[in-house]
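In: need coordinates for the below:
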Amino acid sequence: MRDQIVAALRYAQKSAVAARRTVCVTFSSSPSRVDFNISGTYPAANCAGGSVLAGPDGATLYVTSSAIAFSSSTANFSFDAAGRASAATTVTVAGLPASLAITVENETGYVH
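Out: The predicted structure follows:
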C-alpha cells in the first residue's frame, strides 16, 4: 500500500508539471482513499471546474484500501504547475514503523 501511495503522489506531481496545471490530492477515511483531480485551466488555485486525473493506463487515478488504514497530516493539498506542494504532508500507513512514513516536501513537492 505504501508503494502505491508514493507512486501515485509522484505521478500526480509529474502530471502537474507536464500539463502546467494544478493537481489536487484528497485523503479520506472509511475506507482509506486518496483521490487526484487536475484543474481545467492555468493558472488555477484549486481544481474546481477540473476533472479526475487519469493514470498512465488512462483509468481514473486513485488509491484505496478497506483492509489497511492510512492517514495524512493534511486532508487536502495540491501540486502547482511547477510541482511544488501547497503544504508539507506526512502520510502514515498502519502497521508500518514511523521511519516508513511518506513525506511530501512543501517547496519542492519531493515525495519520499
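
In: hang on, Pro43 packs against Ala16?
Out: No: between Pro43 and Ala16 there is no contact under Cβ atoms under 8 Å: 11.5 Å. Yep, even glycine has a C-beta here, placed from its N, CA and C like the rest.

In: which one's more surrounded, the two?
Out: More crowded of Pro43 and Ala16, by other Cβ atoms under 10 Å: Ala16, with 26 against 10.

In: helices or strands next to the helix or strand of the chain with the lowest mean pLDDT in the packing?
Out: Lowest on mean pLDDT, DSSP states H and E among the helices and strands of the chain sits strand 70-72, with a mean of 90. Where contact means 3 or more Cβ pairs under 8 Å, 6 or more residues apart in numbering; DSSP states H and E, strand 70-72 is packed against strand 23-28, strand 89-93.

In: got the CA coordinates for the first one in PDB?
Out: What that stands for is strand 23-28. Listed in PDB are the C-alpha atoms of strand 23-28, where the atom choice follows Å, rounded to 0.1, in the frame of the first residue of the first chain:
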ATOM      1  CA  VAL A  23      -3.300  18.700  -9.300                       C
ATOM      2  CA  CYS A  24      -5.300  18.400  -6.100                       C
ATOM      3  CA  VAL A  25      -4.800  15.500  -3.700                       C
ATOM      4  CA  THR A  26      -7.600  14.500  -1.300                       C
ATOM      5  CA  PHE A  27      -7.300  12.000   1.600                       C
ATOM      6  CA  SER A  28     -10.300  10.400   3.100                       C
END
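
In: quick one: strands adjacent to it?
Out: For strand 23-28, the paired strands and their directions (DSSP bridges) read strand 32-38 (antiparallel), strand 76-79 (antiparallel).
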